[in-house]
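Q: Take this sequence and fold it.
(one chain, ligands or ions: 1)
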Amino acid sequence: MIEADLVVHNIGELVTCEPAQGEGTLGLLESAAVAAKDGTIVWVGPSGRWQWRLEMAPEAMVVDAGGCCVLPGFVDSHAHLLWTGNRADEHAARMRGQPFWGGGIMRTVRLTRSSSEDELQAVAERRMRSFLRHGVTAIEAKSGYGLTPEAEEMLLRVAGRLAATSPMRVVSTFMGAHVVPDGVEPGEYVEQIAEEMLPRFRGMATFCEAWCDPGAFDVQQCRRILRRALGLGYQLKVHASEVAPGEGPRLAVELGATSAEHLNYLRDGDARLLAESPVVCIVCPGSTVSLKLAAEGSARALAAAGCQLAIATDFNPGTSCTENMCLMIGLACLELGLSPEEAIKGATLGGARALRLQRQCGSIRMGKRADLLLLDAESYLDIPYRLGVNLVDKTICNGQLIAA
Ligand SMILES: [Zn+2]
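A: Residues are numbered from 1 along each chain as shown. Predicted coordinates for the structure are as follows:
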């Protein structure tokens, strides 16, 4: 007998994301059950057998899935979680044809700098609860709206507290190289990141990221920052070719980055180069659609070349202020040309790979975290079909049922 303190049984369609465990690329099982102990999956099998195989703890939770579809928790591998304020007015101006009204990233930076740590923490906790309701059980928390050593450190401290207190898996990224703050000379800012911030934040962030695009940092500046980060033990991420074709994708491959993110534009040969590398390509359907760049067709090209893909919200105050992963999957299919299977895998196991969490998260098998989503649907195919509807009915995160 296997000891368990949680079982979800009567699952109509279990999407394991482990092809060896079931049918097709998503490893589908019918009439299945999943059991966990202390937040870790201990058994996956036919629903009719769980009572024979499991020895349930006295306080165990038994969940009847009622024949619904169950997925692994979503892993949101690209999220600007930490900032304050609201730029709905700016967004509305853009819809009305005034694309440069409002102040953009620096407006959020000024507001975030003037917020207290407690305020920022409260805002982030509220967002995390919403992410959980949308089925996100592991998330990235990027800094990058402070842009001074003190303000960036405050953001990373908040990320650390979220990681320590939430059932969600939270992974911190230091993104001082988001934009050059107003009133600072770009070369001096790059050196401040490399020589002051990176050594100071070692141990506070798993990843260091730089934005390689016009209006952000050029390839030499990104290389300077990321090489220094690598030397200090950070893993690397590259915000690449979001607003223009550029050197970012090649830089990600050159430096052995974990991921290249956005990739709205590809130069000749980029997709093949990325496919032949271990770099995970993070596609952000919300901002791609918001910037009206879906017609570039880069996500389809990456998939066709055989790249490892992740799908993320790119939660941010400017171009994609949404935590709805079901919507991201729908947009990835309808606007970016991915198949439902590619999009679901990107939102789960692909996201886990992009955060180096694939040993713990992103699929349903023994030994992984018990992060399970019970859908208000019989099949994962309903996610792109019911466009924009949050079909997550119940979220189980690290073995705990999250109250809606
Ligand atoms: Zn972003």
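Q: which ones are touching residue 309?
A: 280-283, 299, 302-303, 338, 342, 345-346, 350 (CB atoms under 8 Å, 6 or more residues apart in numbering). In this view, the C-beta of every residue, glycine as well, is placed from N, C-alpha and C.
Q: Which ones among these lie within helices?
A: Those of the contacts of residue 309 mapping onto helices are 299, 302-303, 342, 345, per DSSP state H.
Q: quick one: which of those residues is nearest residue 219?
A: The closest of the ones in helices among the contacts of residue 309 to residue 219 turns out to be residue 302 (CB to CB; 20.2 Å).
Q: is the closest residue to the closest one other than its chain neighbours in a bridge, and if so with what?
A: Nearest residue to residue 302, sequence neighbours excluded (CB to CB, 6 or more residues apart in numbering): residue 281, at 4.9 Å. Beta-bridge pairing for residue 281 (DSSP bridges): residue 260, residue 309.
Q: Quick one: neighbours of residue 281, just the number.
A: When neighbours are defined as other CB atoms under 10 Å, residue 281 has 30 of them.
Q: Check what pLDDT it gets.
A: pLDDT for residue 281: 98.
Q: Next: residue 256.
A: Turning to residue 256, the model gives it a pLDDT of 98.
Q: And for it, the neighbour number?
A: By other CB under 10 Å, the residues close to residue 256 number 13.
Q: coming back round to it: go ahead and confirm the residue nearest to residue 302 touches residue 307.
A: Yes. Between residue 281 and residue 307 there is a contact under CB atoms under 8 Å: 4.7 Å.
Q: Residues that sit against both of these two, list them.
A: Residues touching both residue 281 and residue 307 by CB under 8 Å, 6+ apart: residue 274.
Q: measure residue 76 to residue 166 for me?
A: 13 Å (CB to CB, to the nearest Å).
Q: export the contacts of residue 309 to a markdown table and tack on distance to residue 18?
A: Putting the contacts of residue 309 into a markdown table (distance: CB to CB, whole Å) gives the following:
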| residue | distance to residue 18 |
| --- | --- |
| 280 | 18 |
| 281 | 21 |
| 282 | 21 |
| 283 | 22 |
| 299 | 24 |
| 302 | 23 |
| 303 | 20 |
| 338 | 20 |
| 342 | 16 |
| 345 | 11 |
| 346 | 15 |
| 350 | 13 |
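Q: which one of those residues is nearest residue 177?
A: Using CB to CB, the contacts of residue 309 come closest to residue 177 at residue 282, 16.7 Å.
Q: mind listing what that closest one touches?
A: Shown in contact with residue 282 (CB under 8 Å, 6+ apart): 77-78, 259-263, 309-312, 351, 354.
Q: got the domain boundaries for this protein?
A: Under the assignment automatic domain parsing, the domains of the chain span 2-72+363-402, 74-354.
Q: what about the stretch 101-250 of the chain, any weak spots by pLDDT?
A: In the prediction, the stretch 101-250 of the chain carries no residues with pLDDT under 70.
Q: Can you show me the strands along it?
A: 136-142, 169-177, 207-212, 235-240 (DSSP state E, counting those that start in this stretch).
Q: if we can go back for a sec, just want to know which of residue 76 and residue 166 has more residues nearby.
A: Neighbours were counted for residue 76 and for residue 166 using other CB under 10 Å; residue 76 has more, 32 against 19.
Q: Tell me if I'm right that the more buried one and residue 310 touch.
A: No. The pair formed by residue 76 and residue 310 falls short of the contact definition of CB under 8 Å, at 9.1 Å.
Q: Can you pull the residues that touch both of those two?
A: Taking CB under 8 Å, 6+ apart as the criterion, residue 76 and residue 310 both touch residue 351.
Q: neighbours of residue 246, just the number please.
A: Other residues near residue 246 number 21, with proximity taken as other CB under 10 Å.
Q: which one of the contacts of residue 282 is nearest residue 287?
A: Looking across these and measuring by CB to CB, the closest to residue 287 is residue 262, at 7.2 Å.
Q: need the contact list for the closest one.
A: With CB under 8 Å, 6+ apart, residue 262 has these contacts: 239-242, 282-284, 287-288, 314.
Q: Residue 281 too?
A: By CB under 8 Å, 6+ apart, the contact list for residue 281 reads 259-261, 263, 274, 302, 307-310.
Q: Can you tell me which of the contacts of residue 309 are classed as buried?
A: 280-283, 299, 302-303, 338, 342, 345-346, 350 (16 or more other CB atoms under 10 Å).
Q: How about the backbone phi and psi for residue 264?
A: Torsion angles at residue 264 (phi, psi; degrees, to the nearest 10) stand at phi -70, psi -30.
Q: actually residue 57, not the one I wrote
A: With angles defined as degrees, to the nearest 10, residue 57 sits at phi -60, psi 150.
Q: what's the closest non-adjacent residue to residue 93?
A: Nearest to residue 93 is residue 101, by CB to CB, 6+ apart, at 4.0 Å.
Q: check contacts around the one you found.
A: Contacts of residue 101 (CB under 8 Å, 6+ apart): 90, 93-94.
Q: After the lengthiest strand in the chain, which helix or strand is next? Please name it.
A: Ranked by residue count, the top strand of the chain under DSSP state E comes out as strand 2-15. Counting by DSSP states H and E, the next helix or strand C-terminal to strand 2-15 is strand 28-37.
Q: I figured residue 166 hits residue 128, correct?
A: Yes. Look at residue 166 against residue 128 with CB under 8 Å: they come within range, at 5.7 Å.
Q: returning to that earlier point: which among the strands of the stretch 101-250 of the chain is found nearest to residue 117?
A: strand 136-142 (14.3 Å).
Q: partners of that closest one, with directions?
A: Sheet pairing for strand 136-142, using DSSP bridges, gives strand 74-76 (parallel), strand 169-177 (parallel).
Q: Go through those strands and pick out the most buried.
A: Of all those, strand 74-76 carries the top mean neighbour count, a mean of 33, counting by mean count of other CB atoms under 10 Å.
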